[in-house]
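Colleague: below are the sequence and a predicted model; questions follow.
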Amino acid sequence: MWFFLLIISSFYIWTCDGLTVKAVVPRYKIRGETAVLRCDFELEGALLYAVKWYRENEEFYRYVPKSDPQKTSYVVDGIKVDHMQSNSRQLTLRDITLKTTANYRCEVSAEAPSFASAQDGGRMEVIYLPKDGPYITGDKSIYQFGDTINLNCTSAKSYPASSLHWFINNISAKEESLKRYPAQKHPRGLVTTTLGLHLPLDAETVLNGAVRVRCVAVLSPVLWTSDNEKVLPRQDKREALLLVTGSSNECKSNSVVVFLFLILIHVFF
C-alpha cells in the first residue's frame, strides 16, 4: 500500500526595509509532473527591479520588468522553465526529474532609491513511483508439511525506497521470520528493496487447507505537520499475493502447490 501526500508549504515572510517576500514551494512532487513555485512579495510603494530564482546557490530564472525580454532562464540540469506559465510571482517547472530535487529560493529587489532586497525559499523532493507492484520469488513450486517456505519479496524501482511488509493469513509476519537485505541502488538514484520470509509449513500455518502469503510495498515520504500546509491524500495500493493450497481437497494431503497472483489496485481520492 503506497500513500502519497502532496504537501504545499508556506514559509516565513522575510522583510527588509518594507519589502516582504514569501516563497511557496511544493514539498513533494512526482517525477514527470509540473511544479508551480510562487514568490509573493509586497514592495510598499517601491518599484520592482528584479525577481530571481535559485536552485541551491545557482540562478536559473529571472524576471526584470524593464528588460526585453522580461523573462530569462539559464541552463541548469534538471530544470525546464515554462516561460509561458512563469512571471514575476509564479515559476512553472515542467517535466521534473529526480535531479529537480533541491532547495529553492526567490530573491526580490526594488528600484532606487531603496535598493531593498529580500529572499525566501523551501525544499522540493521529487518522487519516482514504481511502474510495477512488488513481486514474490521462491525456490520451490511444491512444498510438503514440515518444509520451510523461503520467499523473497522485491519492490520495483522507486525513489525514495519502498518499505516492504509480509502478511501470513492477513497477520503481520513476526520479525524472527524475516530476512532483511541491503537496498540495491540503480542509475538515476532509483532504489529497490528486498525482504525475505522463512515460513515453516505446519498445521498452525495452514488454515483450511491454504496459506495466504501477502507482500505489501509502502512508499511514504517523511511527513510533517504545520498550520500552513494543505494536505491532499492520494492512495496507490499494490500488493503481491501468494496463495498456497493443498494438492487435493483433503486436509490430510502432505503436499501443497504454490500459485502466484499479482493484485494491482489503484484508489485515488
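Modeller: Noted; the coordinates are in hand. Residues are numbered from 1 along each chain as shown.

Colleague: the domain parsing of the protein - what is it?
Modeller: Structural domains annotated on the chain: 2-127, 135-267, as defined by automatic domain parsing.

Colleague: weakest of these in terms of mean pLDDT?
Modeller: Within these, confidence is poorest for domain 135-267, with a mean of 68 (mean pLDDT).

Colleague: in what helix or strand does residue 131 lie?
Modeller: Using DSSP states H and E, residue 131 sits within no helix or strand.

Colleague: next, count neighbours for it.
Modeller: Each residue near residue 131 was counted by other C-beta atoms under 10 Å, and the total is 8. All C-beta spots, glycine's among them, are computed from the backbone N, C-alpha and C.

Colleague: same deal with residue 53?
Modeller: By other C-beta under 10 Å, neighbour count at residue 53 equals 24.

Colleague: beta partners for it?
Modeller: Assessed by DSSP bridges, residue 53 has beta-bridge partners residue 61, residue 106.

Colleague: that one reaches residue 71, doesn't it?
Modeller: No. When contacts are counted by C-beta atoms under 8 Å, residue 53 is not listed as touching residue 71 (10.9 Å).

Colleague: overlap of the contact sets of these two?
Modeller: Common neighbours of residue 53 and residue 71 are listed as 61, 62 (criterion: C-beta atoms under 8 Å, 6 or more residues apart in numbering).

Colleague: can you tell me the closest non-neighbouring residue to residue 77?
Modeller: residue 99 (5.6 Å; C-beta to C-beta, 6 or more residues apart in numbering).

Colleague: mind listing what the one you found touches?
Modeller: 77, 78, 126.

Colleague: before we move on, back to that, which of the domains of the chain sits most buried?
Modeller: Comparing the domains of the chain by mean neighbour count (mean count of other C-beta atoms under 10 Å), domain 2-127 comes out on top with a mean of 17.

Colleague: which SS state does residue 21 fall under?
Modeller: For residue 21, the assignment made with DSSP: H, G, I helix; E, B strand; the rest coil gives strand.

Colleague: isn't it right up against residue 121?
Modeller: No. At 9.4 Å, residue 21 and residue 121 do not qualify as touching, with contact defined as C-beta under 8 Å.

Colleague: overlap in contacts of the two?
Modeller: With C-beta under 8 Å, 6+ apart as the test, residue 21 and residue 121 both reach residue 106.
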